[in-house]
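> Here is the input, now give the coordinates:
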Amino acid sequence: MQTEIIVSGFGGQGVLFAGQILSYAAMDNGLNVTWIPSYGPEMRGGTANCTVVISDEEIGSPLVQRPQAVIAMNLPSLDKYEPLVKPGGVLVINSSMVTREPTRTDIKIVRVPGNELAEKIGERRLTNMVMVGALLANLPVLSIEALEKALEAHLPARHHRFLPANFQALREGAAVLAEPTR
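Down below sits the predicted model:
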């Protein structure tokens, strides 16, 4: 089975890293994966997104027209990607940054106060891991434990002191479940 995911937001929100760690976790679990980053020329504040395709078979194309899941870290991401989510798919919205309600009624909507949950842990930069945790709780393509192992295996040793906070962020996000479809 193949799962396509788009993670999108502003530069500096950890969008590319979120996609990268999903990719590492999939590879570490013997799955095929593609990861395509895309970002504007700005260091922070510009647009950033990445496409992750995870499959138990060979991946024919890394390009995604209709993703099964989208993480929208900000309003422009919601505006751009909400219409593209496959019917029956999952839309994970950072309700800390999104000021409008989604319009789709044929997909699972997961509203996550990502910034607030990350700040509760003590580090706003963990918003990306909160959002990934929420995604995986609502689209079980990988386990939270698989992500934790990938973080441990692929995060540079100098950043290992941040592992407990990252694990907590994943689990805080995983506690947020989709609202019933309308």
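
> Now do the helices in this protein.
In the chain, the segments counted as helices under DSSP state H are 15-28, 75-81, 114-121, 127-138, 144-154, 163-174.

> Report the residue spans of the chain with pLDDT below the cut-off.
Across the chain, residues meeting the criterion (pLDDT under 70) sit at 41-45, 179-182.

> can you give me the end-to-end distance of stretch 136-145?
11 Å (C-alpha to C-alpha, to the nearest Å).

> What is the distance between that stretch and the centre of its chain?
11 Å (C-alpha atoms, centre = their mean, to the nearest Å).

> again, but for stretch 167-174
Counting by C-alpha atoms, centre = their mean, stretch 167-174 comes out at 12 Å from the chain centroid.

> Tell me which of the helices of the chain sits most buried.
Highest mean neighbour count of the helices of the chain: helix 127-138, a mean of 27 (counted as mean count of other C-beta atoms under 10 Å). C-betas here are computed from N, CA, C, even on glycine.

> rewinding a little: out of the helices of the chain, nearest to Gly9?
Smallest distance to Gly9 across those (C-beta to C-beta): 4.6 Å, for helix 15-28.

> correct me, but Gly40 touches Val15?
No: counting by C-beta atoms under 8 Å, Val15 is not a contact partner of Gly40; they are 11.5 Å apart.

> any shared contact partners between these two?
Ala48 (C-beta atoms under 8 Å, 6 or more residues apart in numbering).

> and of the helices of the chain, who's closest to Ile36?
helix 15-28 (8.4 Å).

> same for the closest one, what does it pack against?
Counting contacts by 3 or more C-beta pairs under 8 Å, 6 or more residues apart in numbering; DSSP states H and E, helix 15-28 packs against strand 2-10, strand 32-39, strand 47-55, helix 127-138, helix 144-154.

> Need those in CSV (columns: distance to Gln168).
Below are these laid out as CSV (distance: least, C-beta to C-beta, whole Å):
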stretch, distance to Gln168
strand 2-10, 20
strand 32-39, 25
strand 47-55, 23
helix 127-138, 9
helix 144-154, 10
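
> can you tell which of those is closest to Lys120?
helix 127-138 (9.5 Å).

> how far off helix 163-174 does that closest one point, in degrees?
50 degrees (axes from the mean of the first three to the mean of the last three C-alpha atoms, to 10 degrees).

> Any figure for the gap between the residue sitting furthest away from the middle of the chain and Val90?
Distance from the centre of the chain peaks at Arg158, with 23.9 Å (C-alpha atoms, centre = their mean). Distance of Arg158 to Val90, given as C-beta to C-beta, to the nearest Å: 34 Å.

> Next: Glu82.
Glu82 is 12 Å from Val90, by C-beta to C-beta.
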